[in-house]
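Novice: attaching a predicted model along with its sequence, questions to come.
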Amino acid sequence: MSATIIDGKAFAATIRGKVGEHVARLRETHGITPGLAVVLVGEDPASQVYVRSKGKQTIEAGMNSYEHKLDAGTSQADLLALIDTLNNDAEVHGILVQLPLPGHIDSDLVINSIDPAKDVDGFHISNVGLLGTGQKSMVPCTPLGCLMMLRDHLGSLSGLDAVVVGRSNIVGKPMAQLLLGESCTVTIAHSRTRDLPDVVRRADIVVAAVGRPEMVPGEWIKPGATVIDVGINRIDAPERGTNEDGSVKTRLVGDCHFESCAAVAGAITPVPGGVGPMTIACLLANTVTACCRANGLPEPEGLTA
Ligand SMILES: Nc1nc(=O)c2c([nH]1)NC[C@@H]1CN(c3ccc(C(=O)N[C@@H](CCC(=O)O)C(=O)O)cc3)C=[N+]21
């Protein structure tokens with residue numbers, strides 16, 4: 001193995017430290033405490049993984065955490081009413097509605113009903129448009145975390161070839177916008193891309209965000225490239241044995257085949273301990289940013305795009 005392992009867990013701890021300092025300063029000098037509201041409808045397992053760490057880290061950073069757990073059958077009207085209440089609550093600076101939502105709810109409608117200034121996920125059409133035109137916006141947490149790691153590792157990204165594998169609204173597309181903003185030459189590849197191996201092989205920066213376990217093998221990676229693995233996939237790990245209930249043990253893997261990619265890449269993020277912790281750290285960072293903007297205060301340095 002030759003690649004530098006980019007320690008997202010440690011980097012995220014640094015970001016959370018900075019968030020904590022800003023929060024303390026806001027309280028001491030202005031008597032303001034940033035507040036983050038998280039709305040969870042139903043019991044999606046991926047969202048529960050996320051919520052577990054998130055509430056704890058929000059409190060640890062000195063912020064207020066408001067959790068709204070609604071049952072899976074909650075009507076769209078009730079959800080919209082809750083969002084309206086949170087939009088008008090001055091103590092709430094950030095609102096996150098966990099995705100995916102149950103099938104009977106129109107996710108786009110719900111997301112676009114959040115006050116864009118409180119949209120710490122950066123999914124509202126206004127924020128998407130602002131990001132796409134290079135204006136100040138709320139930037140989606142996962143791409144923001146990836147960008148912070150890339151800048152930290154590479155310094156300037158200007159002129160580099162970047163390939164984003166995956167075209168989702170929550171990762172692929174905003175990641176491509178951020179990389180374009182850094183003056184990379186950006187390709188968005190996806191399931192219909194012809195000669196995906198060749199496309200990936202051109203890249204100085206590979207961001208894999210497709211949600212398919214170990215899809216990108218080392219043979220696709222240009223020697224020395226920086227690989228950011230956004231995937232968090234749980235797969236069966238029979239080599240680890242069985243649980244007490246007889247079910248087979250599992251483990252988390254990324255969208256990249258770690259061993260083979262690490263053998264050729266210059267640097268790579270691990271799963272777990274890479275992008276995931278950065279996503280949560282950036283959610284806290286966005287909440288502080290939203291709070292500062294809401295109060296007409298200068299933005300926290302080093303926590304924005
Ligand atoms: N509106 C919305 N925004 C989101 O950002 C959002 C969402 N909905 N729905 C669910 C997904 C999932 N997600 C994760 C974030 C961090 C970890 C994370 O920190 N993972 C750890 C591992 C956790 C473990 O050990 O299981 C790691 O990668 O090291 C995981 C998952 C955010 N999501």
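Specialist: Everything's here; your move.
Novice: so who does Thr279 touch?
Specialist: 50, 141-142, 145 (CB atoms under 8 Å, 6 or more residues apart in numbering). (Glycine included, C-beta is placed from N, CA and C.)
Novice: alongside the ligand, which residues does the chain contribute?
Specialist: Residues of the chain lying close to the ligand (CB under 6 Å from any ligand atom) are 46-47, 49-50, 53, 96-99, 121, 141, 232, 252, 271-273, 276-277, 279-280.
Novice: just to revisit the earlier point, of the contacts of Thr279, closest to the ligand?
Specialist: Proximity of the contacts of Thr279 to the ligand was ranked by CB to the nearest ligand atom; the top entry is Tyr50 with 3.8 Å.
Novice: in the helix or strand that contains the closest one, what counts as buried?
Specialist: Assigned by DSSP states H and E, Tyr50 belongs to helix 45-60. Judged by neighbour count using 16 or more other CB atoms under 10 Å, the buried positions of helix 45-60 are 47, 50-51, 54, 57-58.
Novice: what sits up against stretch 81-91?
Specialist: So stretch 81-91 is contacted by 33, 35, 37, 39, 64, 66, 68, 70, 92, 95, 97, 110, 113-115, 118 (CB under 8 Å, 6+ apart).
Novice: and for stretch 283-301?
Specialist: 15-16, 18-19, 22-23, 26, 30, 32, 34-36, 54, 57-58, 61, 63, 93-94, 96, 117-118, 120-122, 138-139, 141, 144, 303-304.
Novice: do stretch 110-117 as well
Specialist: 76, 79-80, 83-84, 87, 95, 97, 101, 119, 121, 123-127, 138, 290, 293-294.
Novice: if we can go back for a sec, and the helix holding Tyr50, what does it pack onto?
Specialist: helix 8-30, strand 35-41, strand 64-70, helix 275-294 (3 or more CB pairs under 8 Å, 6 or more residues apart in numbering; DSSP states H and E).
Novice: any idea how far whichever residue of the chain sits closest to the ligand lies from Leu284?
Specialist: Going by CB to the nearest ligand atom, the ligand is nearest to Gly276 of the chain, at 2.2 Å. Distance of Gly276 to Leu284, computed by CB to CB, to the nearest Å: 14 Å.
Novice: which one's more surrounded, those two?
Specialist: Neighbour totals were compared for Gly276 and Leu284, and Leu284 leads with 30 against 26 (other CB atoms under 10 Å).
Novice: picking that back up, residues contacting the residue of the chain closest to the ligand?
Specialist: Counted by CB under 8 Å, 6+ apart, Gly276 has contacts 8, 232.
Novice: go with 6 Å
Specialist: Ile232 (CB atoms under 6 Å, 6 or more residues apart in numbering).
Novice: try Val230
Specialist: Contacts of Val230 by CB under 6 Å, 6+ apart are 171, 209, 275.
Novice: of these, closest to Pro238?
Specialist: Lowest distance from Pro238 to these (CB to CB) belongs to Val275, with 26.5 Å.
Novice: and the closest residue to that closest one other than its chain neighbours, how far is that from Val19?
Specialist: Spatial nearest neighbour of Val275, excluding adjacent residues (CB to CB, 6 or more residues apart in numbering): Val230 at 5.0 Å. Val230 sits 22 Å away from Val19, going by CB to CB.
Novice: can you show me the helices along the stretch 151-300 of the chain?
Specialist: 172-181, 196-201, 258-264, 275-294 (DSSP state H, counting those that start in this stretch).
Novice: gap between the two ends of stretch 252-259?
Specialist: 14 Å (CA to CA, to the nearest Å).
Novice: now do the buried residues in that stretch.
Specialist: 252-258.
Novice: and what of stretch 21-37?
Specialist: Buried, per 16+ other CB under 10 Å, within stretch 21-37: 22-23, 26, 32, 34-37.
Novice: could you list the low-pLDDT ranges of the stretch 201-305 of the chain?
Specialist: Within the stretch 201-305 of the chain, not a single segment meets pLDDT under 70.
Novice: what ranges do the strands span in it?
Specialist: 205-208, 226-229, 233-236, 250-253, 267-268 (DSSP state E, counting those that start in this stretch).
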